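Predicted model follows, preceded by the sequence.
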Amino acid sequence: MEQRLRTQLEKFVKLSDEDWSALAFGLYVRKIPKKEYFIRKGEYGKEIGIVLQGTLHQFYEKDAEERSTYFFFEDMLVTAYISCLTGKKSELSIQALEDCEILCFAYSDWTRLSQTLWSYQQLAGKLSEYVAMGLEERMVGLLLLSPEERYVQFLESNKKRIIERIPQHYIASYLGITPVSLSRIRNRIMKKS
């Protein structure tokens with residue numbers, strides 16, 4: 001279980017056994033039943049985790065409507081990153097779409113380690129770069145591509161798990177379109193095939 005987290009973190013920076021142990025002592029497992037929350041809008045982000053089992057849905061709310069921005073699956077890091085960084089209340093919610101098990105650690109532990117250990121300083125920088133690249137990629141798609149182009153790009157990407165495990169109305173929201181529009185786009189693409 002711990003090795004799965006270490007493997008994900010080491011995709012960014014190699015950790016010595018001593019550096020890993022400094023984080024590992026504070027690990028704990030959170031079990032989140034389907035439809036419950038990892039974090040709700042208005043709460044403070046205080047932890048980072050890796051999904052051991054299950055699927056989570058990240059979204060913003062506007063006018064009582066959910067706007068999907070991300071999905072988390074097994075072996076992915078999950079956090080309300082901006083809230084953790086700023087100490088402000090989260091603007092987003094992360095909800096379990098299936099029963100979830102998440103191996104977590106406190107963001108305060110992460111901060112302490114990144115202030116004292118060079119490997120965690122490097123890791124913090126690499127993770128921030130990774131988040132920034134993902135946000136820019138998402139923004140470019142929403143601003144520059146048509147709904148049909150977004151869907152085609154989505155199909156050609158490595159997001160197969162989303163198609164297999166996420167309800168269509170969440171996928172439509174993620175793409176910035178209505179479920180009816182998604183259905184029409186899917187039908188047009190199927191006719192072209």
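Yes, it's here.

make it CA atoms for all contacts and neighbour counts henceforth
Will do.

Show me what counts as buried in the top helix by length along the chain.
Among the segments of the chain that qualify as a helix by DSSP state H, the longest is helix 118-144. Within helix 118-144, the residues that qualify as buried are 119-121, 123-124, 126, 138, 141-142, counting by 16 or more other Cα atoms under 10 Å.

tell me what that helix is packed against?
Using 3 or more Cα pairs under 8 Å, 6 or more residues apart in numbering; DSSP states H and E as the contact test, the elements touching helix 118-144 are helix 107-116.

for the protein, what spans make up the helices?
Under the criterion DSSP H, the chain contains helices at 2-9, 17-24, 81-86, 107-116, 118-144, 147-156, 160-165, 168-175, 179-192.

which residues are contacting stretch 165-182?
Under the criterion Cα atoms under 8 Å, 6 or more residues apart in numbering, residues 66-70, 142, 147, 150-151, 162-163 lie in contact with stretch 165-182.

Among these, name the buried ones.
For the contacts of stretch 165-182, a neighbour count by 16+ other Cα under 10 Å gives the buried set as 66-69, 142, 147, 150-151, 162.

Of all those residues, the one with the weakest confidence?
Taken together, the buried ones among the contacts of stretch 165-182 show their lowest pLDDT at residue 162, with 84.

who touches residue 96 in this structure?
Contacts here follow Cα under 8 Å, 6+ apart; on that basis residue 96 touches 32-38, 54-57.

Keeping just the C-alphas, turn the lowest-mean-pLDDT helix or strand in the chain into PDB.
The helix or strand of the chain with the lowest confidence, counting by mean pLDDT, DSSP states H and E, is helix 160-165 at a mean of 82. Output of helix 160-165 as PDB, limited to C-alpha atoms (Å, rounded to 0.1, in the frame of the first residue of the first chain):
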ATOM      1  CA  LYS A 160     -10.300   5.300 -21.500                       C
ATOM      2  CA  ARG A 161     -11.000   4.700 -17.800                       C
ATOM      3  CA  ILE A 162     -13.200   7.700 -17.700                       C
ATOM      4  CA  ILE A 163     -15.300   6.400 -20.600                       C
ATOM      5  CA  GLU A 164     -15.600   3.000 -18.900                       C
ATOM      6  CA  ARG A 165     -16.300   4.100 -15.400                       C
END
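
Report the distance from it to the chain centre.
Between the centre of helix 160-165 and the centre of its host chain there is 15 Å, according to Cα atoms, centre = their mean, to the nearest Å.

Over to stretch 124-135?
The offset between the C-alpha centroid of stretch 124-135 and the centroid of the whole chain comes to 12 Å, using Cα atoms, centre = their mean.

same deal with stretch 110-126?
From the chain centre to the centre of stretch 110-126 is a distance of 20 Å (Cα atoms, centre = their mean).

Report the rounded mean pLDDT for that stretch.
With pLDDT averaged residue by residue, stretch 110-126 scores 94.

quick one: contacts of it?
Taking Cα under 8 Å, 6+ apart as the criterion, the residues outside stretch 110-126 that touch it are 9, 12-15, 19, 22-23.
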